[in-house]
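> Dropping a prediction and its sequence here:
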Amino acid sequence: MFKEAFKYYKAKWPPPDLNGVIDFEEPSKTNHESTLVELQDNVPGLHLSFPPIGLQPPQSWRCYALKSHPGILVIRNPFTVHGQRYWIARSLRDYPRAPNRINLNENLFASDAIKDWWNALQQCDDKDEARRLKISMRWATLGYHHDWDTKVYSETMHTPFPQDLSNLCQYIATVLGFADFEAQAAIVNFYPIGTTLSGHTDHSEPNQTAPLFSFSFGQTAVFLIGGTTREERPSALYLRSGDVLIMSQQSRLCYHAVPRVMKTQEEPWNNLPADDADEKLMKPERKKLRRDFEDNSNVCDMSLYRLVRDDSFWLPYMHYLNDSRININVRQVLPSGVKQLPLPPS
Ligand SMILES: O=C(O)CCC(=O)C(=O)O
Ligand SMILES: [Fe+2]
């Protein structure tokens, strides 16, 4: 069942009928009202204030659960446009650099490109080589680095997890009632349009009870969520720029996939409102808010945060996203209260 659905949504010809895809942007327009539950009153931290910069206050979030997939939660884009730009720039410029690991191979790419992919891409003036560089970047790992061969995490493949991303997850986790969550490993996935991610479960983490947080930016994905076996029929949903998907409880170990990335009509990351909510917090008269804003700034690259407002700085990011999607997939590896992984048997 899972494979069939994957093939159906991946197909170029005939193109799939997308009417059956659950759409959090227009929940009333889809014929899936019975499967979608809007959570509002059941979200424990909706009253929380002072979100990390780039996030809207939780009072304005729209949170959904899926009746047919208990444990799946979706927050429909809780980010400001400015906030989306920050995370996009972090994912492209910074996360694919040391100490993080990336998929680019020494035999196929110059060492400059492996050290600093985004910079090499910007410097590259050969059109074909730039295209090869662009579409070859498929993943970067952060924190505990996923070992794609052994599928075992280890202390020898562990580097510091980015503070800003950990802080973002911590806040969202607290709002949703998972206050113990600690971000310890992430995969940043890069999807040029036309690429896919086939069905799998994420079971390498010793801690499989903690939820998994997945952030989507750029072009829209059709995401499949199934059951604990490939025999169950999956549901298809759209993940759009800014959407946060949480795989918790029963759904944490369910099959999922990305059969299609498609060009969206609106590209909200390109339309910065002149009146930026985050900017207002910087005004001196908002003293109390300003203090909190500055607290946030300790865990966020404020110079990048300011730069992404600038149209000429933003241009290469806009070009990249024109035909690509980014997904940041964050997990807790260790059981709560445990400080490190046990040594592997010798
Ligand atoms: O791109 C996505 O939405 C999902 C990525 C994913 O499943 C993974 O990294 O394990
Ligand atoms: Fe996954």
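Cool, the structure landed. Numbering: from 1, shown residues only. Ligands and ions are numbered 1, 2, ... in the order given.

> Can you get me a residue count around the closest residue to ligand 1 within the stretch 1-150 of the chain?
In the stretch 1-150 of the chain, the residue that lies nearest ligand 1 is W139 (7.7 Å; C-beta to the nearest ligand atom). (Each C-beta comes from the backbone N, C-alpha and C, glycine too.) Per other C-beta atoms under 10 Å, the neighbour tally for W139 reads 21.

> In the sheet, which residues pair with it? Tell me.
N189 (DSSP bridges).

> interface residues of the stretch 101-250 of the chain facing ligand 1?
187, 189, 197, 202, 214, 221, 223, 239 (C-beta under 6 Å from any ligand atom).

> who are the neighbours in contact with the residue nearest to P99 when sequence neighbours are not counted?
Nearest non-adjacent residue to P99, counting by C-beta to C-beta, 6 or more residues apart in numbering: T159, 3.7 Å away. With contacts taken as C-beta atoms under 8 Å, 6 or more residues apart in numbering, T159 has the following neighbours: 99-100, 142-143, 145.

> and these as a markdown table, adding distance to S68?
Output for the contacts of T159, formatted as a markdown table (distance: C-beta to C-beta, whole Å):
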| residue | distance to S68 |
| --- | --- |
| P99 | 40 |
| N100 | 36 |
| L142 | 32 |
| G143 | 32 |
| H145 | 34 |
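
> Now a ChimeraX select for only the buried ones of the residues you listed.
Selection command for ChimeraX covering only the buried members of the contacts of T159, criterion 16 or more other C-beta atoms under 10 Å:
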select :100,142,143,145
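
> can you give me the end-to-end distance of stretch 42-55?
In stretch 42-55, first residue to last residue: 20 Å (C-alpha to C-alpha, to the nearest Å).

> what is the mean pLDDT for it?
Per-region confidence: stretch 42-55 scores 90 on mean pLDDT.

> Need the single longest helix in the protein, by residues.
helix 163-176 (DSSP state H).

> With adjacent residues omitted, what lies nearest to N167?
Take N167 and drop its neighbours on the chain: the residue closest to it by C-beta to C-beta, 6+ apart is V299, 4.4 Å away.

> do you know how far that neighbour is from P27?
33 Å (C-beta to C-beta, to the nearest Å).

> Low-confidence regions, this protein specifically.
30-34, 276-298 (pLDDT under 70).

> Okay, helices next: where are they in this structure?
2-10, 81-89, 111-115, 117-123, 127-136, 163-176, 277-280, 287-297, 302-307, 311-321.

> Mind listing what's buried along the fourth one?
Across helix 117-123, burial judged by 16+ other C-beta under 10 Å covers 117-118, 120-121.

> other SSEs contacting it?
helix 111-115, helix 127-136 (3 or more C-beta pairs under 8 Å, 6 or more residues apart in numbering; DSSP states H and E).

> ok, now the first one?
Using 3+ C-beta pairs under 8 Å, 6+ apart as the contact definition, the elements that helix 2-10 packs against are strand 197-200, strand 220-225, strand 256-262.

> The longest one and ligand 1, any residue contact?
Yes. Strand 256-262 comes into contact with ligand 1 when judged by C-beta under 6 Å from any ligand atom, the residues involved being 256, 258.

> got a list of what the residue in the stretch 201-346 of the chain that ligand 1 sits nearest to touches?
Of all residues in the stretch 201-346 of the chain, N327 sits closest to ligand 1, at 3.3 Å by C-beta to the nearest ligand atom. For N327, the contact set (C-beta under 8 Å, 6+ apart) comprises 188-189, 191, 214-217, 221, 239, 258.

> Can you tell me the closest non-neighbouring residue to Y320?
L92 (6.1 Å).

> And for that neighbour, the neighbour number?
Counted with other C-beta under 10 Å, L92 comes out at 24.

> do I114 as well
17.

> can you check Y153 too?
22.

> ok, now M302?
14.

> can you check E4 too?
11.

> any idea how far it lies from R230?
10 Å.

> Let me see the contact set for the spatially most central residue of the chain.
The centre of the chain sits closest to F215, judged by C-alpha atoms, centre = their mean, with a distance of 2.2 Å. Taking C-beta under 8 Å, 6+ apart as the criterion, F215 is in contact with 87, 243-244, 327-330.

> Repeat that for K339.
Applying C-beta under 8 Å, 6+ apart, no residues qualify as near K339.

> possible to save the residues of the stretch 101-250 of the chain next to ligand 1 as CSV with neighbour count?
Shown next, in CSV, are those (neighbours: other C-beta atoms under 10 Å):
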residue, neighbour count
I187, 20
N189, 20
L197, 19
D202, 18
S214, 23
A221, 26
F223, 27
L239, 23
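
> With distance to S111 as added columns, please give these in a markdown table.
Putting these into a markdown table (distance: C-beta to C-beta, whole Å) gives the following:
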| residue | distance to S111 |
| --- | --- |
| I187 | 23 |
| N189 | 24 |
| L197 | 28 |
| D202 | 31 |
| S214 | 32 |
| A221 | 32 |
| F223 | 35 |
| L239 | 35 |
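
> From those, pick the one nearest A130.
Distance to A130 across those (C-beta to C-beta) is lowest for N189, with 20.8 Å.

> No further queries at this time; thank you.
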